[in-house]
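Participant: got a sequence here, can you build the structure:
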Amino acid sequence: MCWPSGRRSPVAEVLGPTPEVPVAFEREQGCTEAEWQRCLPGAVGPHTLALPAPGRAVVTFAGGAGSLHLEWTVLPPRRIALLSVPRLAARFRFDGVPADARRAFMRYFDLYTQRGGG
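Facilitator: Modelled structure (predicted):
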């Protein structure tokens, strides 16, 4: 893990190696469905994205290295006092994608979909 300057972050030693990405998992995304669909084409990098039905996407990995099936549903917003945060339940299922490719894909996907803050 590096700073924007390229220097190694001291946090990298604390966090250790990147954990394995399971073949299937579910997570909450803090965005609207429109924001999610707008960022998906860029978040999949060089891979092919298809949207076969509402709430579904298929990512075909370059070089025939497998595929990723995405499904999402809109959840009620999370409310904290007057703050309202939109939410999606997103399910990820990799088919035939090696562990190192899953890890690299999710690292890029997470960085691309990360929102600013601080």
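Participant: C-terminal to the worst-scoring helix or strand of the chain on mean pLDDT, which secondary structure element comes first?
Facilitator: Every helix and strand in the chain was compared by mean pLDDT, DSSP states H and E; the lowest is helix 11-15, with a mean of 53. Scanning forward in sequence from helix 11-15 by DSSP states H and E, the next helix or strand is strand 24-29.
Participant: partner strands of that next one, with direction?
Facilitator: The partner list of strand 24-29 in its sheet, established with DSSP bridges, is strand 83-95 (antiparallel).
Participant: are we agreed that R107 is in a helix?
Facilitator: Yes - per DSSP: H, G, I helix; E, B strand; the rest coil, R107 lies within a helix segment.
Participant: surely L70 and A90 touch.
Facilitator: Yes - between L70 and A90 there is a contact at 6.5 Å, judged by C-beta atoms under 8 Å. The C-beta positions use only the backbone N, C-alpha and C, and glycine is treated the same way.
Participant: residue contacts, the nearest residue to E33 once chain neighbours are set aside?
Facilitator: Leaving aside its sequence neighbours, E33 sits nearest to V74 (C-beta to C-beta, 6 or more residues apart in numbering; 5.5 Å). Contact analysis of V74 by C-beta atoms under 8 Å, 6 or more residues apart in numbering lists 32-33, 86-88.
Participant: what's the answer for R102, then?
Facilitator: 21, 23, 94.
Participant: right, I'll call it a day here.
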